[in-house]
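[1] Using only what follows, build the 3D model:
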Amino acid sequence: MSLQATWHEQPAPGDETEGVSIIDVNPFGPNGEKDRRLLISNDGEPLLILQLYIRADEDGWLISSAFSGFLLNESHVAIICGDHFHVFEMATHTFRSYPLGDYVGHLYSVPDIHSDRLQDRVLVATYCHVFLMDIAAGILWKSGQCAIDGVIVTSIENDTVLGEGEWDPPGGWESFKLDLKTGILI
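    Numbering: from 1, shown residues only. Here you go, the predicted model:
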């Protein structure tokens, strides 16, 4: 089995995904709003579509981001969308969701941040923080504030997360270092 995933627009009649199961990834119940769709395929054959939901804040504004992302392996799909991290289990078609309290930015596999394959742990960069997530256990740590308008992880070296955070938009990026084991700023 070789799973792939792609962002997917609403299907038109005759689309190859017509009749494919759609699973709602909605931890918000009736307060959730449909946002994005992720098509999961096996060797090019559509398997299922994950319909991702976002939430509205206390003033009714939708918590959405220009950024979203996913990583997958043969058993799980990790997804960032809105202000949440979701883990979808392929065997059971169930999901777990973790609120991050900040708009999501980027998703990185650990230890190789350039890999597009989901590992047991990932880093999630939000607009202000970095999170170390374990696929089975959830949030392991949340960093101190690394930025006010965007965080990018550039590498992991010797158990140190290196990155940049934007403190003075536009273009006011500053380097930071985090301990990979604790998330503490170095």
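[2] How about stretch 42-54, which residues are buried there?
    Neighbour counts over stretch 42-54 (16 or more other Cβ atoms under 10 Å) mark 46, 47, 48, 49, 50, 51, 52, 53, 54 as buried. For the C-beta atoms, the positions are set from N, CA and C on the backbone; glycine is no exception.
[3] Can I get those in TSV including distance to residue 89, pLDDT and secondary structure?
    Below are the buried residues of stretch 42-54 laid out as TSV (distance: Cβ to Cβ, whole Å; pLDDT from 0 to 100; DSSP: H, G, I helix; E, B strand; the rest coil):
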residue	distance to residue 89	pLDDT	secondary structure
46	19	93	strand
47	13	94	strand
48	12	95	strand
49	16	96	strand
50	12	97	strand
51	16	96	strand
52	16	97	strand
53	18	97	strand
54	21	96	strand
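[4] Residue 173 and residue 54: what is the separation?
    Separation of residue 173 from residue 54 (Cβ to Cβ, to the nearest Å): 27 Å.
[5] I'd like to check which residues are in contact with the spatially most central residue of the chain.
    Centroid-nearest residue in the chain: residue 80, 2.0 Å away (criterion: Cα atoms, centre = their mean). Applying Cβ atoms under 8 Å, 6 or more residues apart in numbering to residue 80 gives the contacts 67, 68, 69, 70, 86, 104, 105, 106, 107, 124.
[6] What subset of those residues is buried?
    Using 16+ other Cβ under 10 Å, the buried ones in the contacts of residue 80 are 67, 68, 69, 70, 86, 104, 105, 106, 107, 124.
[7] Which members of those residues occur in strands, if any?
    Per DSSP state E, strands hold the following members of the buried ones among the contacts of residue 80: 69, 70, 86, 104, 105, 106, 107, 124.
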